[in-house]
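let's see this in three dimensions:
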Amino acid sequence: MVLFSGWAQADAIPPSWRLDHYQFGEGFSLPADGAAEVQVWAWAPAGKATWISLNGDRINLDREGNRTDGYTWRHLSAKALPRGEKIAVDGHDEIAAITLSDSPAYDPEEEMKLTRVLQQPGRVDDRRHLIERGTNTVFTMPIYKTREDWEAKAAIIRQRILLGCGLDPNYLNQNRPALNAKVFGRIERDGYTVEKAYFEAWPGFLVTGNLYRPFPLPEDTKVPAILCPHGHWEHGRLEDTDKCSVPGRSITLARMGATVFTYDMVGYNDSLQITDHHFLNPEADETGIHPFGLQLWSSIRGIDFLQSLPEVDPERIGCTGASGGGTQTFALYAVDPRIKVAAPVNMISCSMQGGCVCENAPLIRLDNSNMEIGAMMAPKPLLMVSATGDWTRETPRIEYPSVRSIYALYDAEDNVETVQIDSGHNYNKASREAVYRFFAKHLFGYEGYENFTEPPYQMEPVEDLRVFPDGVLPEGFLKGDALLAELKATVYADAAVRTRMSVTAIPVSPDEITPERLSMEERDNYVIERWVVRRGPYEAVPMILFRPRGSESSQVCIGRGSNENASIGQRIMWPLNRYAIIDLVPFGGGDFIDPFEGPVHYPMESGFASTFMPSIEQQQNRDIETVRAFVELRRDLFEPRHSSPYCPADVLL
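All right, here's what the predicted structure looks like:
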């Protein structure tokens, strides 16, 4: 394999191939075409005898005079080696690396000066690999001192949730596709009606459920409406047990005077287009086509559906669900301000963030937990229902005061309440009655419901509630991979671009960073400065600044060292033309790798890693913002507002 990408022939350094000590056991292969002999160099202690073995042929190197000053590149020999074949490598324990080149003019010392911040073996003291966060991490709620601080963070979380789902953050201001809703199969009961309903969230993608309405409907006033996502109960929206009854909740809320829509999560009941609720899409992180994203969009369009009904007051929309339905509830109100009253049940927790693929998506908990997402209802009315027998057991002591601290920023503490039920994980009668009383006060505007209890109800036979009881979709609707491919090609076509723009690159203030210059080298026409810029206790960003000599201010370009457009020749060319370039070492490469120990393990393999941890690309975006803060501190540097002949647009970051 090629060990170190060769630079273009026109550049200052000839092509070379490098193997670090930790890679010796792997061996390497030289390209099939090249010189009969290659120059072999070792990065070794200056004052020690050492050796290297290539294909069993040992090359000895005596100590270098009286030098004892650390590591230096030492020329071993010119060596004839087979081309295109695996070459075995062994070496002294203290050899940090070897480099081979076809060119006798190659100078590894010069290449290191132009490409590495650290001039001795080691790695920068970046500690991001020590941070491992996941759904069972125990989180604490940060302290937000002002409303402005909180709203800035809430805006970031909101945007991340939408981008992580492949959605345009401006969707509320755009025309959305027609719902093409169908409502049919009306059944009249005492105080309510129930109907079957479906609509197209995206063209060709159906949301299915039941519509409960007050009966008779009032003639002189509009009614509130409530979305009821169901959660991970065995029978989904048709669950009717002591632990949870979705029909019981819907019937009671309709009898109280609300129009209620309870709808299937992906893969439940009549959601027949994707039959596996836990489906994994290998392109999910880029496209946003995953259960969480599809269900969030279904909920957003559920609001559209309710607001389209003639009896509904569009300014009085509520939402409540338990377990995974609780996650859907707070995810929805976090991104959609049309939810005016909410009651997520058994889900806002400091210690469990959601264990299903449908509760996780890229970006959504990078530096926050469900407590922050739950608090995004502020200052509107929010009821936090918890249970003594699940992960919300600490809500009265931990999560509720944390969320209430955000309401305090709005002087709206009276709008958030908590109720804990002595039970396991549930949306049982006691939990439902707490929600009825809260909604009566805040959504219906009723008085005297403080002691309201749920009246008896009778769920309809399942076949009368199923939208497609024969299991057959309407003609023309795709299923499975064909549906996902159609969604990717149409509505999610630009999602990858939006996701890559992902706001992991939060602007960094100069007062957040601590730059340290490790070395500086003045040459005839330009200067090389090698820096490590630290941000907080974990982040250390290595970078090399190439700038012109003199005191004049320079326009600076920020490039990645691995970007072929930011080659060594360009690094030198720009300062010669009175420009500066900052060569940002890509996260996880270069100076992040110890030549003896190899790269550190970055914990992206754990479950739902992209939900909680920035990807390598997102860490690089974060580092770019750190470097921009460094530029602000340097009064002799400024970023361009447009590209130039010496700063190509594709290098600007």
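
low-confidence ranges, the stretch 401-550 of the chain, go.
Where the stretch 401-550 of the chain drops to pLDDT under 70, the residues are 495-506.

quick one: the strands in the stretch 51-200 of the chain?
Residue ranges of the strands in the stretch 51-200 of the chain, as given by DSSP state E, counting those that start in this stretch, are 57-61, 71-80, 86-87, 89-91, 97-101, 182-189, 192-202.

will you turn those into TSV that also has mean neighbour count, mean pLDDT and distance to Gly321?
C-betas here are computed from N, CA, C, even on glycine. Formatted as TSV, these follow (neighbours: other CB atoms under 10 Å; pLDDT from 0 to 100; distance: least, CB to CB, whole Å):
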stretch	mean neighbour count	mean pLDDT	distance to Gly321
strand 57-61	13	90	70
strand 71-80	16	91	61
strand 86-87	14	93	58
strand 89-91	18	95	59
strand 97-101	25	95	57
strand 182-189	14	98	21
strand 192-202	21	98	17
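
make JSON lines out of these and add distance to Leu272.
Formatted as JSON lines, the strands of the stretch 51-200 of the chain follow (distance: least, CB to CB, whole Å):
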{"stretch": "strand 57-61", "distance to Leu272": "67"}
{"stretch": "strand 71-80", "distance to Leu272": "65"}
{"stretch": "strand 86-87", "distance to Leu272": "53"}
{"stretch": "strand 89-91", "distance to Leu272": "58"}
{"stretch": "strand 97-101", "distance to Leu272": "58"}
{"stretch": "strand 182-189", "distance to Leu272": "15"}
{"stretch": "strand 192-202", "distance to Leu272": "10"}
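
of all those, which one is nearest Asn269?
Asn269 lies closest to strand 192-202 among the strands of the stretch 51-200 of the chain, at 11.2 Å (CB to CB).

which residues touch the closest one?
177-187, 206-215, 250-251, 254-255, 261, 270, 294, 297-298, 300-301, 305, 460, 465-467, 487, 490-491 (CB atoms under 8 Å, 6 or more residues apart in numbering).

can you flag the buried ones in those?
179, 181-182, 185, 206-215, 250-251, 254-255, 261, 270, 294, 297-298, 300-301, 305, 460, 465-467, 487, 491 (16 or more other CB atoms under 10 Å).

where does the protein have its least confident helix or strand?
Here the helix or strand of the chain ranked lowest by mean pLDDT, DSSP states H and E is helix 495-500, holding a mean of 53.

where does pLDDT dip in this protein?
For the chain (pLDDT under 70), the answer is 1-13, 65-68, 495-506, 560-577, 604-607, 640-653.

and the buried ones among the contacts of strand 192-202, which of them are in strands?
In strands, defined here by DSSP state E, the members of these are 182, 185, 206-214, 261.

pull the most distant pair out of these.
Pairwise over these, using CB to CB, the maximum falls at Leu206 and Pro214, 26.0 Å.

returning to what we had before: following element in sequence after the least confident helix or strand of the chain, please.
Next in sequence after helix 495-500, counting helices and strands by DSSP states H and E, comes strand 513-522.

what residues sit buried inside that following strand?
Applying 16+ other CB under 10 Å to strand 513-522 flags 513, 515 as buried.

do I have it right that Leu332 meets Thr320?
No: with contact defined as CB atoms under 8 Å, Leu332 does not reach Thr320; the gap is 10.7 Å.

who touches both of the two?
Leu227.

okay, the two: which has more neighbours?
Thr320 (29 against 25; other CB atoms under 10 Å).

so where does the residue most central in space within the chain fall, helix or strand?
Nearest to the mean C-alpha position of the chain, by CA atoms, centre = their mean, lies Leu363 at 1.8 Å. Assessed by DSSP H and E, Leu363 sits outside every helix and strand.

tell me where the stretch 501-650 of the chain has strands.
513-522, 526-535, 539-548, 554-560, 579-584, 637-638.

just name the most buried of those.
Mean neighbour count (mean count of other CB atoms under 10 Å) peaks for strand 579-584 among the strands of the stretch 501-650 of the chain, with a mean of 25.

just list what that strand packs against, helices and strands only.
With contacts defined as 3 or more CB pairs under 8 Å, 6 or more residues apart in numbering; DSSP states H and E, the packing partners of strand 579-584 are strand 539-548, strand 554-560, helix 568-576, helix 616-633.

now do 10 Å
On a contact count with 3 or more CB pairs under 10 Å, 6 or more residues apart in numbering; DSSP states H and E, strand 579-584 meets strand 526-535, strand 539-548, strand 554-560, helix 568-576, helix 616-633, strand 637-638.

of all those, which lies closest to Asp125?
Judging the helices and strands packed on strand 579-584 by CB to CB, what sits closest to Asp125 is strand 539-548, at 5.2 Å.

what's the distance between that closest one and the middle of its chain?
Relative to the chain's own centre, strand 539-548 is displaced by 27 Å; criterion: CA atoms, centre = their mean, to the nearest Å.
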